[in-house]
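Colleague: Coordinates only, no sequence provided:
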């Protein structure tokens, strides 16, 4: 299948710093799940922010349906790509349902308010992440994990084709991690959603993901199917940790540190 | 399939209609009180029969109330917008130093004796606008490190800009003759005396378009208030929105400061009152603050005119006395959920 979203030779340098991303290319097809892994500071978040359109690459290009991302109208782009940051801090006690409802914005004409249909979609998104019981709570009163599920619901309510997630499983317990992966798998099946997810949770990536992009110092160190990338010597190189072990067991890959 | 039970939050449309109706009513009552209350008692029959009463009403009382409406609405609206833009519940034209910058601009214009007009706009307005713009720019530049604006640094640099402006205003006052000094003293505390309707009309034609333009950004500001990053991925042009809010708020604060001085804390108290009553959605908070700010300042001024047995207080003293404790209360409440 032809990819609908492509990044070619991206590079990015923070003002006054060394290059965070040197040369990264990746392509995403419909209904695919891609994991981005790599050590801290390897350029994962910088990459995903560029893919989300939040920062402009110094060189290289990002194409959505063969049109450069920066030429897309922000509102139309927002119907195609949703982004969930690593942490969301909110200074005001917004209600959970209102936060999720704000994900409908790209689908609502500029000077209109959300319709009952939008409310329903927002609520369904909240249900799909298992956070419906939080609907009338204040976001400021939620735990980190609960807030993640709310922000994920907001990204789902946006009904994108591509969902960019920056370490969503970080503050989630086992149950919510499982819930997150089930939700993503269901959306892929039902809507053909594609996902690019940054994660340190290599255990998660073994079975559900179609591809893994491993970054090292702002460059792609390895790219391929999970069973190709999740190998002891490759992981040892990516993370600079010689004692990483990976073993394929059936459909799963087990990753651990040999102490 | 079972339909989901959507919880108890009423749809925005209902909340919007309900809250604006209540606030409009409040505004009407406040205006009536503002017109009725004063050193000189006025009654309707006197307005018809007595030319002295009529003059008093149309030259002094009415312009003063209208001025209160304009200034209160502008300050409260700017406060609400700045809080959303900086995601900082303690931001307001006064705490961010915008009023201070405006006052300094106006003082410089007065000290230089610039009474000229540019395209019918008094130069003092323009100088004050420029001062306000400069203050916003300074405060933001100082507080921004990399991609984030630090909330604590934002307020501290606002305080410093205010202090420096006040010192500069005092210096100018010291160098001037006493009559100029008295006029400048007015900017520092803020009051609403005005004679005749022309200045009020001039202000209205500058402020009303700015109100409308700022209200047009309600949805963008709502998304920004929730989270800056995701606002960017929801279709908000963040940079353009920031610039627009800066310019519009500086314009509104500059004009109001040039006319009434640096009246403090209106932009802090009013948006929070609207939030407490009608929820956090900026599409309610912004128009709601406009209405409630107008009502609030007119009532505060009515109090300022009547609280002393003889003479009157500047309205800035009243808002300052109310606003200081409100600020501290918000600061304490804020610590529950965000770190400075």
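Modeller: Great, that's in hand. Because the structure is predicted, anything quoted here is derived from the model rather than measured. Residues are numbered from 1 along each chain as shown, chains lettered A, B, ... in the order given.
Colleague: The stretch 101-250 of chain A: strands as residue ranges?
Modeller: For the stretch 101-250 of chain A, the strands defined by DSSP state E, counting those that start in this stretch occupy A:162-166, A:194-198, A:211-216, A:219-224, A:244-249.
Colleague: Note down every partner strand of the first one and its orientation.
Modeller: Next to strand A:162-166 in the sheet, as set by DSSP bridges, lie strand A:81-84 (parallel), strand A:194-198 (parallel).
Colleague: Can you list the buried residues in the longest helix seen in chain A?
Modeller: Determined from DSSP state H, the single longest helix within chain A is helix A:174-191. By 16 or more other Cβ atoms under 10 Å in any protein chain shown, the buried positions in helix A:174-191 come out as A:176-177, A:179-181, A:183-184, A:187-188. Every residue, glycine included, has its C-beta placed from N, CA and C.
Colleague: can I get the residues you listed in TSV with distance to residue B:125?
Modeller: Formatted as TSV, the buried residues of helix A:174-191 follow (distance: Cβ to Cβ, whole Å):
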residue	distance to residue B:125
A:176	56
A:177	59
A:179	58
A:180	55
A:181	60
A:183	55
A:184	56
A:187	55
A:188	58
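Colleague: Can I get the residues you listed in CSV including pLDDT?
Modeller: Formatted as CSV, the buried residues of helix A:174-191 follow (pLDDT from 0 to 100):
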residue, pLDDT
A:176, 83
A:177, 85
A:179, 85
A:180, 87
A:181, 88
A:183, 90
A:184, 91
A:187, 92
A:188, 93
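Colleague: From these, pick the one nearest chain B.
Modeller: If you rank the buried residues of helix A:174-191 by distance to chain B using Cβ to the nearest Cβ, residue A:183 comes first, at 16.0 Å.
Colleague: per-residue confidence for the residue of chain B found nearest chain A?
Modeller: Closest approach between chain B and chain A, counting by Cβ to the nearest Cβ: residue B:235, at 3.7 Å. Here, the pLDDT recorded for residue B:235 equals 89.
Colleague: how many other residues sit next to it?
Modeller: With neighbours defined by other Cβ atoms under 10 Å in any protein chain shown, the count for residue B:235 comes to 21.
Colleague: I'd say it and residue A:75 touch.
Modeller: Yes. Assessed by Cβ atoms under 8 Å, residue B:235 is found in contact with residue A:75 at 3.7 Å.
Colleague: I'd say residue B:246 and residue B:136 touch.
Modeller: Yes. With contacts counted by Cβ under 8 Å, residue B:246 reaches residue B:136, the gap being 5.1 Å.
Colleague: Comparing these two, which residue is more hemmed in?
Modeller: Neighbours per residue (other Cβ under 10 Å) separate residue B:246 from residue B:136, with residue B:136 holding more: 24 against 19.
Colleague: can I assume that one is in contact with residue B:100?
Modeller: No. At 11.1 Å, residue B:136 does not count as touching residue B:100 under the criterion of Cβ under 8 Å.
Colleague: Check the contact lists of those two and give me the overlap.
Modeller: Counting by Cβ atoms under 8 Å, 6 or more residues apart in numbering or on different chains, no residue touches both residue B:136 and residue B:100.
Colleague: Grab the most central residue of the chain for me.
Modeller: Using chain A. Centroid-nearest residue in chain A, with Cα atoms, centre = their mean: residue A:165, separated by 1.7 Å.
Colleague: my bad, the chain I had in mind was chain B
Modeller: Per Cα atoms, centre = their mean, the C-alpha nearest to the average position across chain B is that of residue B:75, at 0.8 Å.
Colleague: does it sit in a helix or strand, and which one?
Modeller: Element membership for residue B:75 (DSSP states H and E) is helix B:62-86.
Colleague: what about that helix, average pLDDT?
Modeller: Model confidence over helix B:62-86, given as mean pLDDT, is 94.
Colleague: Check the burial of the closest residue to residue B:269 other than its chain neighbours by counting its neighbours.
Modeller: Nearest non-adjacent residue to residue B:269, counting by Cβ to Cβ, 6 or more residues apart in numbering or on different chains: residue B:326, 5.0 Å away. Applying other Cβ under 10 Å, we find 16 residues neighbouring residue B:326.
Colleague: tell me the mean pLDDT over the particular helix or strand that has residue B:326 in it?
Modeller: Per DSSP H and E, residue B:326 falls inside helix B:315-334. Mean pLDDT, computed over helix B:315-334, is 82.
Colleague: Show me what that helix is in contact with.
Modeller: Contacts for helix B:315-334 (Cβ under 8 Å, 6+ apart): A:91, B:68, B:89-90, B:94-95, B:189-192, B:260-266, B:268-269, B:272, B:297, B:300-301, B:303-304, B:307.
Colleague: Just the buried ones from the residues you listed?
Modeller: Judged by 16+ other Cβ under 10 Å, buried ones among the contacts of helix B:315-334: A:91, B:68, B:89-90, B:94-95, B:189-192, B:260-266, B:268-269, B:272, B:297, B:300-301, B:303-304.
Colleague: Among the residues you listed, name the ones in helices.
Modeller: Among those, DSSP H puts B:68, B:189, B:260, B:266, B:268-269, B:272, B:297, B:300-301, B:303-304 in helices.
Colleague: Need the max-distance pair from those residues.
Modeller: B:189 and B:272 (22.7 Å; Cβ to Cβ).
Colleague: what's across from residue A:68 in the sheet?
Modeller: Residue A:68 has the following beta-bridge partners by DSSP bridges: residue A:63.
Colleague: Would you agree it is in contact with residue A:60?
Modeller: No. In this structure, residue A:68 is not within contact of residue A:60 by Cβ under 8 Å, at 10.7 Å.
Colleague: For those two, work out which one has more neighbours and name it.
Modeller: Between residue A:68 and residue A:60, residue A:60 has the larger neighbour count (other Cβ under 10 Å), namely 16 against 10.
Colleague: and that one, how far is that from chain B?
Modeller: 20 Å (Cβ to the nearest Cβ, to the nearest Å).
Colleague: that's a helix at that residue, yeah?
Modeller: No. Residue A:60 is assigned strand when assessed by DSSP: H, G, I helix; E, B strand; the rest coil, not a helix.
Colleague: Correct me if wrong: it contacts residue A:6.
Modeller: No. Residue A:60 is beyond contact range of residue A:6, at 10.5 Å (criterion: Cβ under 8 Å).
Colleague: which residues do these two both contact?
Modeller: Common contact partners of residue A:60 and residue A:6 (Cβ under 8 Å, 6+ apart): residue A:25.
Colleague: Within range of chain B, give me the residues from the stretch 101-250 of chain A.
Modeller: Contacts of the stretch 101-250 of chain A with chain B, taken as Cβ under 8 Å from any Cβ of the partner chain, map to A:102-103, A:105-106, A:110-111, A:113-114, A:116, A:119-120, A:123-124, A:127, A:132, A:135-136, A:140-141, A:151, A:154, A:158.
Colleague: Restricted to buried residues, select those residues in ChimeraX.
Modeller: Buried members of these, defined by 16+ other Cβ under 10 Å, are picked up in ChimeraX with:
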select /A:102,103,105,106,113,114,119,123,124,132,135,140,151,154,158
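Colleague: mind listing which of the residues of the stretch 101-250 of chain A next to chain B are in helices?
Modeller: Using DSSP H, those in helices are A:116, A:119-120, A:123-124, A:127, A:151, A:154.
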